[in-house]
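1. Sequence plus predicted model, see below.
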Amino acid sequence: MTIDTKTTHRTGARGNVFLDLGFSPREAKRLLAQTDAQIDESIRLKQQLMDEIARWIEEACVTQAVAAEVLHVTRPRVSDVVNHKVSKFTIDALVAMLARIGKQVRLAAIEASPRYPGVAPAGRGGIVREGGVSPIPRRARATSATNR
């Protein structure tokens, strides 16, 4: 018995998956904006975690090969961190790497702005280090407890 795996019909995408799923144009636009905001938030958080790892590599004056041993990853993975290839990492993988170099990560959930659901007021939270705070203008925020 053979299974037919050929596509016989395909409806073209309209650029908004929520429209394609049958939501009203207004609701689809709202859902897409909310999803985009959540993705942007995740990317910013990953970038900050990667910044902390890259800063450790620079401050410790270690090579990527040595960093890879300490972080328990391959040298190309360290390169991906340093070059901010966020799509290659999950937040928990980056948090685990930070733990291996003695840095704790704390996330704080704050109330979303009532005017813009899903978006936190700017200027609250960020990675704390000497010289100030690097803000993350969304709900999820990371702080490195070792830099307090």
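-> Happy to help now that I have it. Residues are numbered from 1 along each chain as shown.
2. mind listing the strands for the protein?
-> Taking DSSP state E, the strands of the chain run over residues 105-107, 127-129, 132-134, 142-144.
3. mind listing what the first one pairs with, with the direction of each?
-> Strand pairing for strand 105-107, using DSSP bridges, gives strand 142-144 (antiparallel).
4. mean confidence score for the partner strand?
-> Mean pLDDT, strand 142-144: 42.
5. ok, longest helix in the chain?
-> In terms of residue count, the longest helix belonging to the chain (DSSP state H) is helix 25-60.
6. Low-confidence regions, this structure specifically.
-> For the chain, the stretches with pLDDT under 70 are 7-14, 112-148.
7. circling back to that earlier point, any buried residues in the longest helix of the chain, and which?
-> In terms of neighbour count (16 or more other Cβ atoms under 10 Å), helix 25-60 has its buried residues at 28, 31-32, 37, 41, 44-46, 48-50, 52-54, 56-57. C-betas here are computed from N, CA, C, even on glycine.
8. Could you list every helix and strand that that helix packs against?
-> Applying 3 or more Cβ pairs under 8 Å, 6 or more residues apart in numbering; DSSP states H and E, one finds that helix 25-60 makes contact with helix 17-20, helix 64-71, helix 75-82, helix 91-100, strand 127-129, strand 142-144.
9. Please identify the deepest-packed of those.
-> Of these, the one with the most neighbours on average (mean count of other Cβ atoms under 10 Å) is strand 142-144, at a mean of 21.
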